[in-house]
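S.K.: Quick one, what's the 3D model for this:
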Amino acid sequence: MPISSNGSAALTVAAARRIALGAQGFAAARPSGPPTRRTLAKVLDTTKLLQIDSVSAVVRAHYAPVFSRIGAYDRALLDEMAWSDTVRRPRELVEYWAHEAALLPVEDWPLMRWRMIKYRHGRWAGLGRHRDEKLADEVQSVLREFGPSTAGEIEKHLELDRPRAKDNWGWNYSETKVVCEQLFASGELSVPKRVAFQRHYDLTERVLPAEVCAREIDEPDAVRELVRRSSAAHGIATETDLRDYYRLKRTQTEPAIADLIDAGELEQVAVEGWDKPAYLHTAARIPRRITGSALLCPFDPLIFFRARTERLFDFHYRIEIYTPEHKRVHGYYVFPFLLDGEIVARVDLRADRTTGILRVPGAFLEPGHDRTRVAVELAVALREMADWLELGTLEIGTRGDLATALSKAARIRVSA
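M.R.: As a prediction, this is how the structure comes out:
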């Protein structure tokens, strides 16, 4: 049996998994009453961020992790926290490049300032695309005069009709949009609201409190704090896990981990079967057991680092959105199904809002699990999701070795 750095026996993978699930909020009881902003804030206390993604096959990615942890809630609450700001209810979340595009607490924005400096010319500045400073000044002047605007609205104010690039499939931005994104990456612009998921830009000093904008944190201190947050969100993690959560570099995380070990906040341990040291957050607890179920969005913080997902759950998971349909193994937009602390199945899902149907084109059982029990529990979870999304019907397809059992459990006909 492996031995940890302090000479004690290594943790089992099962114990590490329970620690990770507890750290991500899956050991907590669901709220007894209707969720409030405070309820959602508690979710953010555990996840630290919510990844944003444009795929809307079921529900936007940032909404789903909250549902996975607390059940049905009013999505307007999360919209309000991120894209509304009043004296009575100030903005609590802000967009930035954290893991990928993500919502994070407003107070964490200064922790990204070192990244904003690196991103002065955008996230892909290393490719040699420097921003058009004249156009950047014009964009900021428009926003200063007219307030929150999309890139298209800014172009109209500037009376520009510039061609879109044609060299990037799926992301052929106009020059104005490129500059807006560069200014967003550099922290000079922020996103006060989204409409139909489209970013509306504004000057950051009009989006965030003055004290947040003014706060300066140098890179080593900011990185140490990000690793501290990452370790709390993980409970137990390898260096690569800690690095991935906020997309840091090894040269940044290793000194931060050493500092946190010296401070008594992290402890190096071994986990059976892991070929790398693990770091246990000293405030993390090991739940005796994890109960309940959850459908996990592909971008859920519990599973968005696929190597960690495989290490913790023995679950090989890849998103197949960009895989040609005839080559997909499980489907276009697949949700793993968590049951009592293990990933026991996966389902391809599609929300058809026009017809009010939650479609399940494919359902697949993981090896070693009871087909009947998984089907029953999954049917309940899918009904709950359908109700939350205001979809009146579940429709189960025929793909996958769990489809027939799931159809029977849901008491509906199999749809070809």
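S.K.: For the stretch 51-200 of the chain, which segments are assigned as strands?
M.R.: Assigned strands in the stretch 51-200 of the chain, in chain order: 93-97, 101-105, 189-195, 198-203 (criterion: DSSP state E, counting those that start in this stretch).
S.K.: who wins for proximity to Leu358 among the ones you listed?
M.R.: strand 189-195 (24.0 Å; C-beta to C-beta). C-betas here are computed from N, CA, C, even on glycine.
S.K.: Which strand runs longest in this structure?
M.R.: Across the chain, the longest stretch assigned as strand under DSSP state E is strand 342-352.
S.K.: and after that one, which helix or strand comes next?
M.R.: strand 357-365 (DSSP states H and E).
S.K.: Tell me the first helix or strand C-terminal of that following strand.
M.R.: That would be, after strand 357-365 and using DSSP H and E, helix 371-388.
S.K.: buried ones in the following helix or strand past that next one?
M.R.: For helix 371-388, the following helix or strand on the C-terminal side (DSSP H and E) is strand 393-399. Buried residues in strand 393-399, counted by 16 or more other C-beta atoms under 10 Å: Leu394, Glu395, Ile396, Gly397, Arg399.
S.K.: Redo these as CSV? Include pLDDT.
M.R.: Output for these, formatted as CSV (pLDDT from 0 to 100):
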residue, pLDDT
Leu394, 96
Glu395, 96
Ile396, 96
Gly397, 96
Arg399, 97
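S.K.: so where's this protein shaky on pLDDT?
M.R.: Scanning the chain for pLDDT under 70 picks out 1-9, 125-128, 160-172, 412-416.
S.K.: hang on, Met81 packs against Leu40?
M.R.: Yes. At 6.4 Å, Met81 counts as touching Leu40 under the criterion of C-beta atoms under 8 Å.
S.K.: The longest strand of the chain packs against which elements?
M.R.: helix 306-313, strand 334-339, strand 357-365, helix 371-388 (3 or more C-beta pairs under 8 Å, 6 or more residues apart in numbering; DSSP states H and E).
S.K.: Now do the buried residues in the longest one.
M.R.: Along helix 371-388, these residues count as buried under the neighbour rule (16+ other C-beta under 10 Å): 371, 374-379, 381-382, 384-386, 388.
S.K.: ok so, going back, now the strands of the stretch 51-200 of the chain as CSV including mean neighbour count?
M.R.: Shown next, in CSV, are these (neighbours: other C-beta atoms under 10 Å):
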stretch, mean neighbour count
strand 93-97, 22
strand 101-105, 21
strand 189-195, 20
strand 198-203, 20
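S.K.: between these, which one is nearest to Gly292?
M.R.: strand 101-105 (24.6 Å).
S.K.: my read: Ala222 touches Trp109, true?
M.R.: No. Counting by C-beta under 8 Å, no contact exists between Ala222 and Trp109, whose distance comes to 10.7 Å.
S.K.: between the two, who's got more neighbours?
M.R.: Per other C-beta atoms under 10 Å, whichever of Ala222 and Trp109 has more neighbours is Trp109, with 24 against 21.
S.K.: quick one: the more buried one and Val212 touch, right?
M.R.: Yes. Counting by C-beta under 8 Å, Val212 is a contact partner of Trp109 at 5.6 Å.
S.K.: any chance you could map the helices in the stretch 101-250 of the chain?
M.R.: Using DSSP state H, counting those that start in this stretch, the helices of the stretch 101-250 of the chain run over 113-118, 133-146, 151-158, 175-185, 204-207, 210-214, 219-234, 239-245, 250-262.
S.K.: Please work out which of those helices is packed deepest.
M.R.: Among those, helix 175-185 has the highest mean neighbour count (mean count of other C-beta atoms under 10 Å), at a mean of 23.
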